[in-house]
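1. coordinates only, sequence not included:
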């Protein structure tokens, strides 16, 4: 689902979806606390047009190798921005109250405020 959103939004080529699936097969993208962060492989850099994220709330949850994620944060990061985005989101998600706020957020503005994505200096 995350790949489809990123592809439709023009952030990545169609092949990024397979890269995201392969990444989860190689090492789970489940972070814990009900959160998964699907993203591509190191070799995916050529398939990413612009850096971007998507967030999907899944009230019934989705299985990640026996763990249930209620929040999916898909990431497509161009070049070195990929590492910056993953690190920033990972740091934010270390606070369980922020995870709960993201699960309950109703608007894009609320999500961006919680993640403080405007503090990242991203290109493209």
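-> Received it, and whenever you're ready, just let me know what you need. The model shown is predicted, which means the values in this text are computed figures rather than measured ones.
2. from the middle of its chain, how far away would the worst-scoring helix or strand of the chain on mean pLDDT be?
-> Lowest mean confidence among the helices and strands of the chain (mean pLDDT, DSSP states H and E): helix 81-92, at a mean of 83. Per C-alpha atoms, centre = their mean, to the nearest Å, the displacement of helix 81-92 from the mean C-alpha position of its chain is 9 Å.
3. likewise stretch 52-66?
-> The answer for stretch 52-66 is 10 Å, by C-alpha atoms, centre = their mean.
4. Check stretch 13-22 too.
-> That offset, for stretch 13-22, works out to 13 Å (C-alpha atoms, centre = their mean).
5. Check which residues of it are buried.
-> Across stretch 13-22, burial judged by 16 or more other C-beta atoms under 10 Å covers 13, 16-17, 19-20. Every residue, glycine included, has its C-beta placed from N, CA and C.
6. ok, those vs residue 37, which is closest?
-> Nearest to residue 37, judged by C-beta to C-beta, of those is residue 20 at 10.4 Å.
7. and the closest one, which of the three is it?
-> Three-state call for residue 20 (DSSP: H, G, I helix; E, B strand; the rest coil): helix.
8. re the thing from before, and the helix or strand following the least confident helix or strand of the chain, what's its mean pLDDT?
-> Note on helix 81-92: by DSSP states H and E, the next helix or strand toward the C-terminus is helix 96-104. The pLDDT scores in helix 96-104 average 90.
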